[in-house]
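In: Kindly return the folded structure for what I paste below:
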Amino acid sequence: MGRDHSDLGSDLLIRVGHPEDVLPELASAGSTVFAEAAVASEETSVEARLKRRLGANAQLNLVWGTRGWAPACMYLSCSVHTRGVT
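Out: Okay, here's the model as predicted:
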């Protein structure tokens with residue numbers, strides 16, 4: 001996989017660990033870390049720890065992805081589903 005990316009002019013970096021531990025090590029000053037926003041309490045706890053550990057060094061930008069329902073629909077009767085919508 002790494003060779004495939006290299007052939008395309010890109011580098012692939014694989015790290016193992018918790019995002020709140022690994023990403024602050026990789027983020028350079030003034031950078032932005034993009035991640036998919038979460039709803040579950042375990043995931044939002046990870047987001048909070050990540051934001052805290054990034055501190056002033058980097059900004060965390062959470063975006064709602066396509067893996068589930070829109071946050072506004074989580075506790076309401078909502079007929080709009082975001083799967084497949086970009």
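
In: Let me know the average pLDDT across the longest helix seen in the chain.
Out: The helix that spans the most residues within the chain, counting by DSSP state H, is helix 41-54. In this model, helix 41-54 carries a mean pLDDT of 94.

In: how about that helix: buried residues?
Out: In terms of neighbour count (16 or more other C-beta atoms under 10 Å), helix 41-54 has its buried residues at V46, E47, L50, K51, R53, L54. In short, each C-beta sits where N, CA and C put it, glycine included.

In: L62 pairs with what?
Out: In this structure, L62 bridges to A35 when assessed by DSSP bridges.

In: D7 versus that one, what's the distance?
Out: 32 Å (C-beta to C-beta, to the nearest Å).

In: the more surrounded of the two?
Out: Per other C-beta atoms under 10 Å, whichever of L62 and D7 has more neighbours is L62, with 15 against 8.

In: ok, now which ones touch that one?
Out: Contacts here follow C-beta atoms under 8 Å, 6 or more residues apart in numbering; on that basis L62 touches A35, E36, A37, A38, E47.

In: Save these as JSON lines, and put in distance to A27 too.
Out: Compiled in JSON lines, these are given as follows (distance: C-beta to C-beta, whole Å):
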{"residue": "A35", "distance to A27": "12"}
{"residue": "E36", "distance to A27": "17"}
{"residue": "A37", "distance to A27": "18"}
{"residue": "A38", "distance to A27": "19"}
{"residue": "E47", "distance to A27": "15"}
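
In: which one among these gets closest to V16?
Out: Checking the contacts of L62 against V16 with C-beta to C-beta, the nearest one is A35 at 17.3 Å.

In: residues near the closest one, how many?
Out: Residue crowding around A35 was assessed by other C-beta under 10 Å; the count is 17.

In: Please report how far it lies from T44.
Out: In terms of C-beta to C-beta, A35 sits 11 Å off from T44.

In: cool, D11 as well?
Out: For D11, the distance to T44 under the criterion C-beta to C-beta works out to 31 Å.

In: do you know how far the spatially most central residue of the chain is from W64?
Out: Most central in the chain under C-alpha atoms, centre = their mean is A35, positioned 1.6 Å from the mean C-alpha point. As defined by C-beta to C-beta, A35 lies at a distance of 11 Å from W64.
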